[in-house]
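[1] Okay, here's the prediction I keep looking at, along with the sequence it came from:
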Amino acid sequence: MKKLLIAKPALFSFDECLWFLNRNYDDCLHHIEPGSLSKAICINGENIAFSLRDQDQHLVLDLTHGGEDVAQQEALVQYIIEWFDLERDITPFYQLLQKNKTLGYMANDFAGFRLIGIHDLYEALCWSIIGQQINLTFAYTLKRRLVEHYGDHLSVNGLSLHIFPRPEVLQHVSIAELRALQFSERKAEYLLLVSQLFAAGTISKQHLLQCASYEEQVALLTAIRGIGIWTANYALMKTLKQLQAIPYGDVGLLNALLNHELIKDKKDNAGIDKLFKRFKGWESYLVFYLWRSLSVVKRDL
DNA sequence: ATCCAGGGGTCAC
DNA sequence: GTGACCCATGGA
């Protein structure tokens, strides 16, 4: 079995990332076991499966299905690097955290936690549309139904590793079919529209990368029906790792800020602005760490 | 039973 | 530009 090594940067904890990926939810797009994860993705048209584990100064990537050629292996390594944001020096963020009386504890409690991405823009947009205005448990249920009905999968070591459906497939699904899976009429409409746009090549990650500014990227996304300011920022944060992205209006973010008594109420926009101003350039990391703090509360209850 | 959930569109003003 | 209203459904 082909084995690839990926060097671990400073301020990185695989366990911390792994724990977040596993949280309390049932994510169908990866399988977690203590100390390792398994996943399947499509690279250059081929479905590949791998597992990832922590070993001393490296992450060890074991290819468990496909990926024989070197170009695919390089792409896979790059995928992991982007997924866990391994090339970023996050010490400036930690310095900002440690200066903050309320949030400083995170530098210790969540040490080495990284902004975990979603490489595929289409998947990120679909996932955020699914997650709009419903609780996360149900959102993961809906995602699983979508993936199991319309996505590929690889069977490896007794595990069924699912791959997010391609837009070319989803664009031809009917609203009635999605309604039967308990998607709301609106979510079904939005998902089909986004699928059509991606299948037709009207929108892509490449289009976003060609934008001159962050504002332009937001405008490009929010021009699409079903994608508002929250969804656009979520996708830019997860897919492009645009660190100035703040998913405004996010219920989880607001609850985390309330838990830490950093805002008076959910309409305290001034309080929010004041906090994020201190984390200029690291806004997304702050959001991600605040989301991480929600899981702590949930776990401790 | 009741309120809320990692929102967004629409429409009145 | 702002705010009220609707959507839909499961979780707690």
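    Good, I have the coordinates.
[2] In which helix or strand does residue A:288 reside?
    Using DSSP states H and E, residue A:288 falls within helix A:283-300.
[3] what's the answer for residue A:148, then?
    helix A:136-150.
[4] Check the average confidence over that helix, would you?
    Across helix A:136-150, the average pLDDT comes to 97.
[5] which element follows that helix toward the C-terminus?
    Using DSSP H and E, the helix or strand that follows helix A:136-150 in sequence is strand A:153-156.
[6] gap between the helix holding residue A:148 and the chain center?
    15 Å (C-alpha atoms, centre = their mean, to the nearest Å).
[7] Next: stretch A:234-241.
    Computed by C-alpha atoms, centre = their mean, the chain-centroid distance of stretch A:234-241 equals 8 Å.
[8] Stretch A:46-54 now?
    Counting by C-alpha atoms, centre = their mean, stretch A:46-54 comes out at 17 Å from the chain centroid.
[9] The helix holding residue A:148 vs DNA strand C: in contact?
    Yes. Using C-beta under 7 Å from any atom of the strand, helix A:136-150 reaches DNA strand C at A:137, A:138, A:141. All C-beta spots, glycine's among them, are computed from the backbone N, C-alpha and C.
[10] for DNA strand C, what are the nearby residues on chain A?
    Residues of chain A lying near DNA strand C by C-beta under 7 Å from any atom of the strand: A:133, A:134, A:135, A:137, A:138, A:141, A:179, A:182, A:184, A:185, A:186.
[11] The closest residue to the fourth one other than its chain neighbours: what secondary structure?
    The reference is to residue A:137. Counting by C-beta to C-beta, 6 or more residues apart in numbering, the nearest residue to residue A:137 once its immediate chain neighbours are dropped is residue A:25, at 6.6 Å. Look at residue A:25: counting by DSSP: H, G, I helix; E, B strand; the rest coil, its state is coil.
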